[in-house]
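Colleague: no sequence on this one, just coordinates:
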Ligand code: UD1
Ligand code: MG
């Protein structure tokens, strides 16, 4: 069966109190509408239509990476009117699925079930709510068949008591939908063309209306204000935590982890509290991550240990490295196996080969550091001359004494030793010792000044 998905996103979102169109507000670092579109794409429909209105240019720019047909709804005359705008482009033999751009967390499986319906059937996603106020109510006949949907504002007291409500998500054969939409009237409490009015038309035409229920309420929850947005973000956080634990990850507290992107994990990973993952992060087997750490777009190998309070972005960290506490690893950094990076060390755009130790208070930028190197405390690569960045190259087995400045461009040959407190501006040959400190002077029996009495 061929499918067209119509995503309704013309709403303004007044209650967000924002200049940004509602559907562009982020949930876990991805806009609401992108959540919907990512799910829609996975359903592999023939076409996805995005009905936009308010903030159209922004919505288009933010969704430019999808293959979409954009449909402008210039006047917001109701959900039926919104779907109608897309109908001229949808072939008769398609099944139309309607999604809302502000309902971000509907599960793929829920929608897949609806897509398995036979062609000549209308599918409706409904939920039962303890407090159904505000929603369209599902009216059923005595033998429990759906007969129509009545909006809250048009409902009488007895209909208002119905707890089963319309989520807005439905599938309808295009050929019939086209006909039913064109017959819609707006003689209701809101003077809108209600998409929901196609239900009674379908029933009259003898079409089966099949209802589905999502596994959780949050799947069909829309976002109207920032309180609902935060609630769904919390739900998303919880879902990610549950999924990780099911895969065998130990979370010291499932309420204190955020995955804003995709996180793939090996066996027996342990994650302490307040760890934030952004973008695409991969963790190998037995990785341990300490508390209060942010990791973005990074690949981490087996047996790596990240101690607390690190910020790591766009890096590749090979097996058995030990990072932190308080380390900052910046973009384009590659740490080979068994590298140790300690507290208050910043590394940027550098490669560090196997077994090297950079343990305390250092800045390593634009550098190539060899294997089994020891970088002493307080070593700085002076990579920037005020105008341009320059490279530092350090060979294998080099020993850099503490409090050293390596003024780039500069090279330290294999096995060279740099005495503590050096300022190195020229190449040090392999195996040489470089010392730049002035010779120590000592003055015997030195008398310190004494305080003058007033
Ligand atoms: C709609 C349903 C109601 C259901 C509820 C679930 C109708 C008539 N009512 O009501 O049965 O219980 O959703 O949340 O369908 N939109 C447009 N253009 C428009 C109008 C709406 O794009 O002209 C979009 C909105 O941006 C939103 C969605 O359609 O994403 C739903 O619109 P909304 O105004 O929230 O409908 P409700 O009155 O809540
Ligand atoms: Mg609504």
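Modeller: Perfect, I can see it now. None of the values given here were measured: they were computed from a predicted structure. Ligands and ions are numbered 1, 2, ... in the order given.

Colleague: so what's residue 329 up against?
Modeller: 298, 310, 311, 312, 313, 315, 317, 323, 335, 341, 346, 347 (C-beta atoms under 8 Å, 6 or more residues apart in numbering). (Glycine included, C-beta is placed from N, CA and C.)

Colleague: in a strand, residue 65, correct?
Modeller: No: residue assignment for residue 65, taken from DSSP: H, G, I helix; E, B strand; the rest coil, gives coil, which places it outside any strand.

Colleague: how far away is it from residue 432?
Modeller: Shown here: residue 65 relative to residue 432, a distance of 53 Å by C-beta to C-beta, to the nearest Å.

Colleague: neighbour count winner among these two?
Modeller: Neighbours were tallied for residue 65 and for residue 432 using other C-beta atoms under 10 Å; the higher tally belongs to residue 432 (13 against 8).

Colleague: tally of neighbours for the spatially closest residue to the more buried one that is not a sequence neighbour?
Modeller: Counting by C-beta to C-beta, 6 or more residues apart in numbering, the nearest residue to residue 432 once its immediate chain neighbours are dropped is residue 416, at 5.2 Å. Neighbour count for residue 416, taken as other C-beta under 10 Å: 22.

Colleague: ok, the contacts of residue 329 vs ligand 1, which is closest?
Modeller: Using C-beta to the nearest ligand atom, residue 313 is the member of the contacts of residue 329 that lies nearest ligand 1, at 34.4 Å.

Colleague: let me see the contact set for the closest one.
Modeller: Residue 313 is in contact with 294, 295, 296, 297, 298, 329, 330, 331, counting by C-beta under 8 Å, 6+ apart.

Colleague: about what we covered before: for the residue nearest to residue 432, give me its contacts.
Modeller: The contact partners of residue 416, by C-beta under 8 Å, 6+ apart, come to 395, 398, 399, 428, 429, 430, 431, 432, 433, 434.

Colleague: confirm for me that the first one is in contact with residue 415.
Modeller: Pointing back at residue 395 there. Yes: counting by C-beta atoms under 8 Å, residue 395 touches residue 415, with 6.9 Å between them.

Colleague: now list whatever residues contact both of the two.
Modeller: With C-beta under 8 Å, 6+ apart, residue 395 and residue 415 have common neighbours residue 430.

Colleague: picking that back up, which of the contacts of residue 313 fall in strands?
Modeller: Assigned to strands by DSSP state E, the following of the contacts of residue 313 qualify: 294, 295, 296, 329.

Colleague: pretty sure the first one is in contact with residue 278, am I right?
Modeller: Yes: applying C-beta under 8 Å as the test, residue 294 and residue 278 come out as touching, 7.0 Å apart.

Colleague: write out the residues of this protein neighbouring ligand 1.
Modeller: Within the chain, the residues that sit near ligand 1 (C-beta under 6 Å from any ligand atom) are 8-11, 51, 73, 76-79, 81-82, 100-102, 135-136, 149, 151, 165-168, 194-196, 222.

Colleague: what about the nearest residue in space to residue 201 that is not next to it in sequence, neighbour count?
Modeller: Closest residue to residue 201 in three dimensions, ignoring its sequence neighbours and counting by C-beta to C-beta, 6+ apart: residue 180, at 4.3 Å. Summarising burial for residue 180: neighbours were counted as other C-beta under 10 Å, giving 21.

Colleague: all helices of the stretch 151-300 of the chain, in order?
Modeller: Taking DSSP state H, counting those that start in this stretch as the criterion, the stretch 151-300 of the chain contains helices spanning 157-160, 174-182, 198-204, 226-246.

Colleague: looking at the contacts of residue 416, state which has the most neighbours.
Modeller: For the contacts of residue 416, the largest neighbour count, defined by other C-beta under 10 Å, is 24 neighbours, found at residue 398.

Colleague: quick check: closest non-adjacent residue to whichever residue of the stretch 251-400 of the chain sits closest to ligand 1.
Modeller: For the stretch 251-400 of the chain, the nearest residue to ligand 1 under the criterion C-beta to the nearest ligand atom is residue 260, separated by 23.1 Å. Of all residues beyond its chain neighbours, the one nearest residue 260 is residue 29 (3.8 Å), with distances taken as C-beta to C-beta, 6+ apart.

Colleague: so who does that neighbour touch?
Modeller: Going by C-beta under 8 Å, 6+ apart, the list of residues near residue 29 reads 260, 261, 278, 279.

Colleague: next, give phi and psi for it.
Modeller: Taking degrees, to the nearest 10, you get phi 70, psi 10 for the backbone angles of residue 29.

Colleague: let me know the pLDDT of it.
Modeller: With respect to pLDDT, residue 29 scores 96.

Colleague: what's the spacing between it and residue 56?
Modeller: As for residue 29, its distance to residue 56 is 23 Å (criterion: C-beta to C-beta).

Colleague: in this protein, where is pLDDT below threshold?
Modeller: Regions of the chain meeting the criterion pLDDT under 70 are absent.

Colleague: quick one, domains of it?
Modeller: Here the chain is described, according to automatic domain parsing, as comprising the domains 2-220, 226-434.

Colleague: give me the distance between the two termini of the shortest one.
Modeller: Yep, that's domain 226-434 we're talking about. Terminal residues of domain 226-434 lie 61 Å apart, using C-alpha to C-alpha, to the nearest Å.

Colleague: quick one: distance of it to the chain centre.
Modeller: Averaged C-alpha coordinates place domain 226-434 at 21 Å from its chain's average position (C-alpha atoms, centre = their mean, to the nearest Å).

Colleague: wait, the residue of the stretch 251-400 of the chain closest to ligand 1 touches residue 281, no?
Modeller: No: using C-beta under 8 Å, residue 260 is not in contact with residue 281; the gap is 9.9 Å.

Colleague: the stretch 351-454 of the chain: strands as residue ranges?
Modeller: In the stretch 351-454 of the chain, strands defined by DSSP state E, counting those that start in this stretch lie at 351-352, 357-360, 363-365, 367-369, 374-375, 380-382, 392-394, 399-400, 405-407, 410-412, 417-418, 423-424, 433-434, listed in chain order.

Colleague: adding distance to residue 114, write the ones you listed out as TSV.
Modeller: Written out in TSV, the entries for these read as follows (distance: least, C-beta to C-beta, whole Å):
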stretch	distance to residue 114
strand 351-352	50
strand 357-360	55
strand 363-365	53
strand 367-369	55
strand 374-375	59
strand 380-382	58
strand 392-394	59
strand 399-400	64
strand 405-407	63
strand 410-412	64
strand 417-418	68
strand 423-424	68
strand 433-434	72
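
Colleague: noted, bye for now.
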